[in-house]
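> dropping the sequence and predicted coords here.
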Amino acid sequence: MAIRILLITQWFDPEPTFKGMVFARELVKQGFKVEVLTGFPNYPGGKIYPGYKIKLFQKESIDGVTITRVPLYPSHDKGALGRALNYMSFALTSMLYGLFFAKRPSVIYAYHPPLTVGISAAIIRFFRRAPMVYDIQDMWPDTLRATGMLSNERVLRGISRACDWVYKKADQLVVLSPGFKRLLIERGVPESKIEVIYNWCAEYSMPTSEDCNSIPTKLNDRNSFQILFAGNLGKAQALDAVLEAASLLQERAIPIHFTFLGSGLEEACLKDIAMDRSLSNVTFLQSVPMSQVGSYLAAADVLLVHLRDDPLFSITIPSKTQAYMAACKPILMAVNGDAADLIERSGCGMSAEPQNPESISKAAIAFMKEPPERLLAMALRGKSFYDDHLSLSVGARNFGLIFKRLSSL
């Protein structure tokens, strides 16, 4: 009899999501019966997508995956009340469906964030007597505090206690980095209950040979060494430090050019800084669809990862790390901790101190001085490491082993 997985996640395709349809398809390929329990698509705008209408529940079947959508309050504004209603409404409706309507699962898989999904899954686990895997992608309440989403210490303590309760009820915790595992052990979670499964990237968007032959004109200046940052331009990325590094390089007439591909809350501020400093070695490009990102990654000489110097970020691995490795490009890693360790283990780049313009500029110069064959060797090591340890097929296989073990208990 096939093992039945109830995959509970508040966000799922067609919403932008990490462990969505590609993950479910991989599980079906392994022989699992997969039912996804999710909401009606409304993220990130907070409005129900065209073609969908909120109803009691809706079932779809795509590539062997059963998708059940339950109602929720659609909201993704900055207000705490709207977000709370969004999270709690899905928790309630998913719990009711999981308790009374879903076929009894062999294993429950729950994706965090938000925490409310874990609470719903833990209650379903208790009444349906099915083991639960809890996939922790954000360390709450740490992330809420570090990003400023919540500052009320009383509320944060309550969230911490709720997290501890979910961790206790789950049969297996999966985390994205060794640092997450260390932190959970410090908080009293048994080591044997935690497994590290690295995230993979959107592999369909990675560069092809055609991408390498169609270099975007903005990155086609071979008179300078091209370093590309692709992604969110937000507070957590602290990219003003990278602009300061660009200023140092410009003052020294070193031909290194930084390109920022993306958008975010800090975009206007960063552009103002670049204009005030008259940085001719900095370019900002608007976001492009994921299907086009590969051509930009292929056009750069080195790809940049940068986050604010914060203890929380030292235990995480930014998702663009895996994408950059899969893109077969050297990486300048300006993030401390686990992310820097991954670059060292794979041998696919160099590290710099985050929010340290001098360190970033020195690393950029070191890359520029490397002969092309050394840069290619770094890139190939990164791609090989990704294929062997971080890819979708590897990650899904590791999840499959967990599901099979738990279903046999």
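Here it is on my side, so go on. Numbering: from 1, shown residues only.

> hey, let's count contacts and neighbours off CA atoms from now on
Fine.

> got phi/psi on Phe399?
phi -60, psi -40 (degrees, to the nearest 10).

> which residues touch it?
Applying Cα atoms under 8 Å, 6 or more residues apart in numbering, we find Phe399 in contact with Ile197.

> tell me the pLDDT of it.
Confidence at Phe399, expressed as pLDDT, is 98.

> ditto for Cys201
On pLDDT, Cys201 comes in at 89.

> what about it, neighbour count?
23 (other Cα atoms under 10 Å).

> just Ser384 next, same as before
Residues within reach of Ser384, counting by other Cα under 10 Å, total 17.

> export whichever helix or strand it is part of to CSV, keeping only CA atoms.
Assigned by DSSP states H and E, Ser384 falls within helix 372-385. What follows is helix 372-385 as a C-alpha-only set of coordinates in CSV (Å, rounded to 0.1, in the frame of the first residue of the first chain):
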residue,chain,number,x,y,z
PRO,A,372,40.0,32.7,-15.7
GLU,A,373,40.8,29.0,-15.2
ARG,A,374,40.8,29.4,-11.4
LEU,A,375,37.4,31.2,-11.5
LEU,A,376,36.1,28.4,-13.7
ALA,A,377,37.4,25.8,-11.3
MET,A,378,35.6,27.5,-8.4
ALA,A,379,32.4,27.6,-10.4
LEU,A,380,32.6,23.9,-11.3
ARG,A,381,33.2,22.9,-7.7
GLY,A,382,30.1,24.8,-6.7
LYS,A,383,28.0,23.1,-9.3
SER,A,384,29.3,19.7,-8.4
PHE,A,385,28.7,20.4,-4.7
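
> quick one: contacts of stretch 96-107?
3-6, 70, 124, 127-128, 130-133, 403, 406-407.

> just checking, what packs against the helix or strand encompassing Leu7?
When elements are assigned from DSSP H and E, Leu7 belongs to strand 4-8. Here strand 4-8 touches strand 33-39, strand 107-112, going by 3 or more Cα pairs under 8 Å, 6 or more residues apart in numbering; DSSP states H and E.

> now could you export just the CA positions of that strand as CSV?
The C-alpha coordinates for strand 4-8 follow below in CSV (Å, rounded to 0.1, in the frame of the first residue of the first chain):
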residue,chain,number,x,y,z
ARG,A,4,0.0,8.7,2.0
ILE,A,5,1.5,12.1,2.7
LEU,A,6,-0.6,15.1,3.8
LEU,A,7,1.4,18.1,2.9
ILE,A,8,0.2,21.2,4.8
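
> name every strand pairing with that strand and say which way it goes.
strand 33-39 (parallel), strand 107-112 (parallel) (DSSP bridges).

> residues of the last one that come out buried?
Across strand 107-112, burial judged by 16 or more other Cα atoms under 10 Å covers 107-112.

> again, but for stretch 239-246
Neighbour counts over stretch 239-246 (16+ other Cα under 10 Å) mark 239-246 as buried.

> equivalent analysis for stretch 341-360, please.
Buried positions in stretch 341-360, judged by neighbour count with 16+ other Cα under 10 Å: 341-343, 346-360.

> then it to CSV, C-alphas only?
Output in CSV follows, covering the C-alpha atoms of stretch 341-360 (Å, rounded to 0.1, in the frame of the first residue of the first chain):
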residue,chain,number,x,y,z
ASP,A,341,31.3,27.5,5.9
LEU,A,342,29.4,26.1,2.9
ILE,A,343,31.5,28.2,0.5
GLU,A,344,34.6,26.9,2.2
ARG,A,345,33.5,23.3,2.1
SER,A,346,32.6,23.5,-1.5
GLY,A,347,35.6,25.6,-2.6
CYS,A,348,33.4,27.6,-4.8
GLY,A,349,34.3,31.2,-3.8
MET,A,350,35.7,33.5,-1.2
SER,A,351,34.2,35.1,1.9
ALA,A,352,34.1,38.7,3.2
GLU,A,353,32.9,40.3,6.4
PRO,A,354,29.3,41.5,6.1
GLN,A,355,28.8,45.3,6.4
ASN,A,356,32.6,45.8,6.0
PRO,A,357,33.2,47.8,2.8
GLU,A,358,37.0,47.3,3.1
SER,A,359,36.7,43.5,3.4
ILE,A,360,34.2,43.4,0.5
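
> now do that stretch, average pLDDT.
96.

> which ones are touching Ile365?
Ile256.

> please enumerate the helices of the stretch 301-409 of the chain.
319-326, 338-346, 357-369, 372-385, 392-407 (DSSP state H, counting those that start in this stretch).
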